[in-house]
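# quick check, what structure comes out for this input:
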Amino acid sequence: MWNTFAAHRLLMWAGEQGAKQQRDLKMALLKAYHGEGRSPADHAVLLEVVESVGLDRKQAQEVLESGRYTDEVRARERQFQQMGISAVPSVIVNDRHLIQGGQPPEVFEQALRQLAAQSSAA
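Okay, the predicted model is just below:
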């Protein structure tokens with residue numbers, strides 16, 4: 001298990017570059033971590049991934065070295081904790097139904113059916 005804090009800071013930075021850039025970086029980070037077993041705590045790995053999606057390596061390195069986006073990432077952590085999220089993955093449906101941890105498809109189906117029934121009754 002590795003610390004993903006630096007990767008989250010880079011995702012905040014990438015979001016300022018655009019939604020597509022942030023999504024591309026997120027997907028590449030997930031592939032590096034889950035698909036290739038590479039450490040998201042290793043700055044060399046992070047910079048390689050940044051470069052692989054066409055983002056500026058030097059700017060990313062400045063983010064990593066400066067501590068930029070630390071407050072923003074901590075604020076998001078607090079927000080999720082206040083929502084009761086304590087597991088990864090966590091999925092929030094319609095801002096009111098929380099599904100935590102790896103769940104079988106039936107759990108998602110049941111949640112979506114419940115929400116649809118509630119919407120129809122309202």
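# contacts, neighbours, all on C-alpha from now
Will do.
# and for the longest helix belonging to the chain, what are the contacting residues?
If you go by DSSP state H, the chain has its longest helix at helix 105-121. Counting by Cα atoms under 8 Å, 6 or more residues apart in numbering, helix 105-121 makes contact with Val93, His97, Ile99, all of which sit outside it.
# now do the contacts for the second one.
When you say that, I think you mean His97. Ala111.
# cutoff 7 Å now
Applying Cα atoms under 7 Å, 6 or more residues apart in numbering, one finds that His97 lies in contact with no residue.
# how far away is Gln21 from Ile99?
27 Å (Cα to Cα, to the nearest Å).
# make that Val53, sorry
31 Å.
# ditto for Arg9
With distances defined as Cα to Cα, the gap from Arg9 to Ile99 amounts to 25 Å.
# just the CA coordinates of stretch 83-103, formatted as CSV?
Taking Å, rounded to 0.1, in the frame of the first residue of the first chain, the C-alpha atoms of stretch 83-103 are listed here in CSV:
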residue,chain,number,x,y,z
MET,A,83,-19.8,12.4,4.3
GLY,A,84,-18.9,9.2,6.1
ILE,A,85,-16.6,7.9,3.4
SER,A,86,-14.0,5.6,5.0
ALA,A,87,-13.3,3.0,2.2
VAL,A,88,-12.0,2.9,-1.3
PRO,A,89,-13.7,2.6,-3.6
SER,A,90,-16.7,4.7,-2.6
VAL,A,91,-19.5,5.6,-5.0
ILE,A,92,-22.0,8.3,-4.2
VAL,A,93,-25.2,8.1,-6.3
ASN,A,94,-27.4,11.2,-6.6
ASP,A,95,-25.5,12.8,-3.7
ARG,A,96,-27.4,10.7,-1.2
HIS,A,97,-26.6,7.0,-1.5
LEU,A,98,-23.2,5.9,-0.5
ILE,A,99,-21.8,2.5,-1.5
GLN,A,100,-18.4,1.7,0.1
GLY,A,101,-15.8,-0.9,-0.7
GLY,A,102,-15.7,-3.4,-3.5
GLN,A,103,-19.2,-4.5,-4.0
